[in-house]
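*Asks:* could you work out the structure for the sequence below:
(one chain, ligands or ions: 1)
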Amino acid sequence: METIAVYPGSFDPVTNGHIDLIQRSAALFDKVVVAILKNANKTPLFSVQERRKMLKSAIQGLDNVTIAAFSGLLVDFAEQAGASVIIRGIRAISDYEYELQMALMNRRLSNKIETVFMLPAESYSFLSSKLVKEIALHGGAIQGLVPEEVEKQLHNKFNINN
Ligand code: PNS
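*Replies:* Residues are numbered from 1 along each chain as shown. The predicted model follows:
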């Protein structure tokens, strides 16, 4: 039986750390569904459509990876997608507490789905969408932290001409 994994997140925007995890997951599981949260209470910088477009260009060549958007409970989405695994990345120990809480709560909500924690390449262990946005807003260099397309879109959003 094939194993389908869901990799959920805000992806506002996708970073090279996310892409690193998508590549690692695609090598481990039969299918990977990257699931963009339609943020209900956070105000994202990029619309779902924009986030999806940037992800799509970032996963070119990974034939077993698809992109979806979801609202509501993650476990409900995962079950509908036929997934038995939720992938979450852990960068530093500071991520662990929140991730543990979420994983155990998701297990309580559905015992059919297992959370698998994965480590990105250590060169991305300091990287987050939040920091990338902050650096881009103030005109700092984000080269190498996000795909070129994302760099372009961030510069467009913040009206930076470089
Ligand atoms: O990239 P993020 O913002 O850390 O991702 C958080 C995400 C999308 C995994 C989390 O907010 C989520 O699963 N939201 C869906 C609602 C839900 O299922 N909440 C209960 C989690 S225990």
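*Asks:* could I get the full set of helices for this protein?
*Replies:* Secondary structure of the chain (DSSP state H): helices at 16-28, 48-58, 74-80, 93-109, 129-137, 148-157.
*Asks:* turn those into CSV, columns for mean pLDDT.
*Replies:* Below are the helices of the chain laid out as CSV (pLDDT from 0 to 100):
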stretch, mean pLDDT
helix 16-28, 98
helix 48-58, 97
helix 74-80, 98
helix 93-109, 96
helix 129-137, 97
helix 148-157, 96
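*Asks:* can you redo those helices as JSON lines with mean neighbour count?
*Replies:* The way it works is simple: take the backbone N, C-alpha and C, and place the C-beta from them, glycine included. Compiled in JSON lines, those are given as follows (neighbours: other CB atoms under 10 Å):
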{"stretch": "helix 16-28", "mean neighbour count": "19"}
{"stretch": "helix 48-58", "mean neighbour count": "18"}
{"stretch": "helix 74-80", "mean neighbour count": "18"}
{"stretch": "helix 93-109", "mean neighbour count": "13"}
{"stretch": "helix 129-137", "mean neighbour count": "17"}
{"stretch": "helix 148-157", "mean neighbour count": "17"}
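*Asks:* I'd like these as a markdown table, with distance to the ligand appended.
*Replies:* A markdown table is the format used below for those (distance: least, CB to the nearest ligand atom, whole Å):
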| stretch | distance to the ligand |
| --- | --- |
| helix 16-28 | 9 |
| helix 48-58 | 11 |
| helix 74-80 | 4 |
| helix 93-109 | 4 |
| helix 129-137 | 7 |
| helix 148-157 | 15 |
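*Asks:* which one of those lies closest to Lys38?
*Replies:* The minimum distance between Lys38 and the helices of the chain falls on helix 48-58, with 5.5 Å, by CB to CB.
*Asks:* export that closest one as CSV, just CAs?
*Replies:* Taking C-alpha atoms only, helix 48-58 is exported to CSV below (Å, rounded to 0.1, in the frame of the first residue of the first chain):
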residue,chain,number,x,y,z
VAL,A,48,-3.2,31.4,-1.1
GLN,A,49,-3.0,31.7,-4.8
GLU,A,50,0.3,33.5,-4.7
ARG,A,51,1.7,31.0,-2.1
ARG,A,52,0.6,28.1,-4.3
LYS,A,53,2.2,29.6,-7.4
MET,A,54,5.6,30.1,-5.6
LEU,A,55,5.4,26.5,-4.2
LYS,A,56,4.6,25.1,-7.6
SER,A,57,7.6,26.6,-9.2
ALA,A,58,9.8,25.4,-6.3
